[in-house]
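Q: sequence first, predicted coordinates after that:
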Amino acid sequence: MAEPTRLSAAAGIAAVVLHALATAGLTSIEAAYHPDMVDRWAYAVADQELSAALSGGAHLGSMLALMIWGVGLVRLLGPYSWPGGVVLFAATLAGAAGGMIPWVVSHFVPHGEEAIAQALLGVALALSGMFHLVLGLALVLLTMATGRDVRFPMACFVLGLVSAFTVVPLVSVAWSPVAADFAVLGDMLWLSWVLVMSVQMQRVPADVDAARAEMRAELRTRPTPGR
């Protein structure tokens, strides 16, 4: 396998790990990403500056690693995946910006400026919703490209579609407390797809034509039933 593909697969695994760390860092911040409790979220962010910094840094690293992974996946899948790669790039930008805003609030907004803090956290909620919407679209496009590639099993295609249609409704995290409660489940699904694809990227041959030829040869040597 080409070395850039191996590095991209490692970046995908790193994106999953860092995103898990970012989510774990939010556990000590009350009401994080709950649109009905932004005032309590603002207070908790100001009180938990270290947790906000660690979570924001891990989230930023996760988005950067996801960007690198996307480049490697597009190189591997070919031209049919280019639209999905572009959309994924846009999603990572929205995700990186939204994930860093709580740290900005904790580090730069003076104590007592609740209105500014809540306004910035509202922007973070909007970017989180945008991230999930655009990410869902990227998942659909990349999954369709994966389905055309014989090197990836059907399980990758199915998991990708399930993840996409679970993530898209999470655009409502910007205004719905119910969506905020289910955001972790949606994130677990798309992160599982990234992890599965990353592992598969380390196994598949770099040349899709060689993979097709190998599959045809295997079919020719397979015994015919009844003979």
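A: Nice, I can see it.
Q: which other helices and strands contact the longest helix along the chain?
A: For the chain, the longest helix by residue count, based on DSSP state H, is helix 114-147. Counting contacts by 3 or more CB pairs under 8 Å, 6 or more residues apart in numbering; DSSP states H and E, helix 114-147 is packed against helix 38-47, helix 49-77, helix 82-108, helix 154-167, helix 177-201. Backbone N, C-alpha and C define where each C-beta goes, glycine included.
Q: what comes into contact with the first one?
A: Translated: helix 38-47. Identification of contacts with helix 38-47 by CB atoms under 8 Å, 6 or more residues apart in numbering yields 29-34, 52, 102, 105-106, 109, 111, 114, 117-118, 121-122, 125.
Q: now, of these, which are buried?
A: Using 16 or more other CB atoms under 10 Å as the burial test, these include 29, 31-34, 52, 102, 105-106, 109, 117-118, 121-122, 125 as buried.
Q: from these, which is closest to Cys156?
A: Checking the buried ones among the contacts of helix 38-47 against Cys156 with CB to CB, the nearest one is Tyr33 at 28.9 Å.
Q: who's in contact with the residue lying closest to Leu170 once chain neighbours are set aside?
A: Distances taken as CB to CB, 6 or more residues apart in numbering put His132 closest to Leu170, at 3.8 Å, once the chain neighbours are dropped. For His132, the contacting residues are Val167, Val168, Leu170, Val171, Val173, Ala183, Gly186, by CB under 8 Å, 6+ apart.
Q: my read: the second one touches Leu137, true?
A: By that I understand Val168. Yes - using CB atoms under 8 Å, Val168 makes contact with Leu137 at a distance of 7.3 Å.
Q: any shared contact partners between the two?
A: Here Val168 and Leu137 share no contacting residue, scored by CB under 8 Å, 6+ apart.
Q: leaving out chain neighbours, which residue sits closest to His107?
A: Closest residue to His107 apart from its sequence neighbours, by CB to CB, 6+ apart: Glu49 at 6.6 Å.
Q: ugh, wrong one, Leu191
A: Leaving aside its sequence neighbours, Leu191 sits nearest to Val16 (CB to CB, 6+ apart; 4.9 Å).
Q: now do the buried residues in the helix or strand hosting that neighbour.
A: According to DSSP states H and E, Val16 maps onto helix 3-25. Going by neighbour count (16+ other CB under 10 Å), the buried part of helix 3-25 is 5, 8-19, 21-23, 25.
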